[in-house]
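>>> Sequence and predicted structure below; questions after.
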Amino acid sequence: MDEQAREDFRSYVAARSPALMRTAYMLSGNRADAEDLLQTALAKTYLAWDRIRERDAVDGYVRRVMVNTQTSWWRRRKVDEHPTDVLPERSGGRDAAADSDLHEALWTALSALPKRQRAMVVLRYYEDLSEAETAQVMGVSVGTVKSATSRALAKLRDTSGLRDDPRTALPTGASA
């Protein structure tokens, strides 16, 4: 495909994507599937771009590709689904009260740390910064971040009553 044809395709996609997205949404029923459907249809159209003689008919071509692709996906999905009389077990779900208790215990324990250690723990594990990024923010060396964070985590383990496994963690004095 020559550069002019590529530019024509880019222009077409830029101009027609919103309208084609609405069609894809109506065919698929949700935004994520619609985005996949449109992307697949545009990729197939790109491969056939040189063979499409009438540029006024491109919308019809893309729509036909979307319909055929959606039908193909629907058939494949239908084959993969197997009806059953037995429903699968439900997951245990999360206990909102336990999560709230854990959250409260964690913040209570964090507030007991010295400000510098608390800041490093929050930057490392809440803000998900690297040791180097935390050191830069705090204006200290990476070694200082490592040692202070290690001491802070040890202190949290010793004094908070929280266990290492977050799924089973309960505040001190709470029973399972």
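That came in fine, so what should we check first? Numbers count the residues shown, from 1 in each chain.

>>> Spatially central residue for the protein, please.
The centre of the chain sits closest to A32, judged by Cα atoms, centre = their mean, with a distance of 12.3 Å.

>>> Three-state assignment for it, please.
Put simply, A32 is helix when judged by DSSP: H, G, I helix; E, B strand; the rest coil.

>>> Repeat that for T84.
Three-state assignment for T84 (three-state DSSP): coil.

>>> give the contact list for the residue nearest to Q70 when sequence neighbours are not counted.
Of all residues not flanking Q70 in the chain, L27 sits nearest, at 4.7 Å (Cβ to Cβ, 6 or more residues apart in numbering). C-beta here means a position set from N, CA and C on the backbone, and glycine is covered the same way. Neighbour list for L27: A34, L37, M66, V67, Q70 [criterion: Cβ atoms under 8 Å, 6 or more residues apart in numbering].

>>> how near is T159 to V145?
21 Å (Cβ to Cβ, to the nearest Å).

>>> what about those two, which has more around it?
Between T159 and V145, counted using other Cβ atoms under 10 Å, V145 has the larger neighbour count: 23 against 13.

>>> For the more buried one, give me the pLDDT.
Predicted confidence (pLDDT) at V145: the value is 93.

>>> List the buried residues for the helix or strand encompassing it?
Under the criterion of DSSP states H and E, V145 resides in helix 142-160. Residues of helix 142-160 classed as buried by neighbour count (16 or more other Cβ atoms under 10 Å): T144, V145, A148, T149, A152, L153, K155, L156, S160.

>>> these two touch, right, the fourth one and V122?
No: judged on Cβ atoms under 8 Å, T149 makes no contact with V122 at a distance of 10.4 Å.

>>> picking up where we left off before, buried ones among the contacts of L27?
Buried among the contacts of L27 (16+ other Cβ under 10 Å): A34, L37, M66, Q70.

>>> quick one: least confident of these?
Among the buried ones among the contacts of L27, Q70 has the weakest pLDDT, 89.
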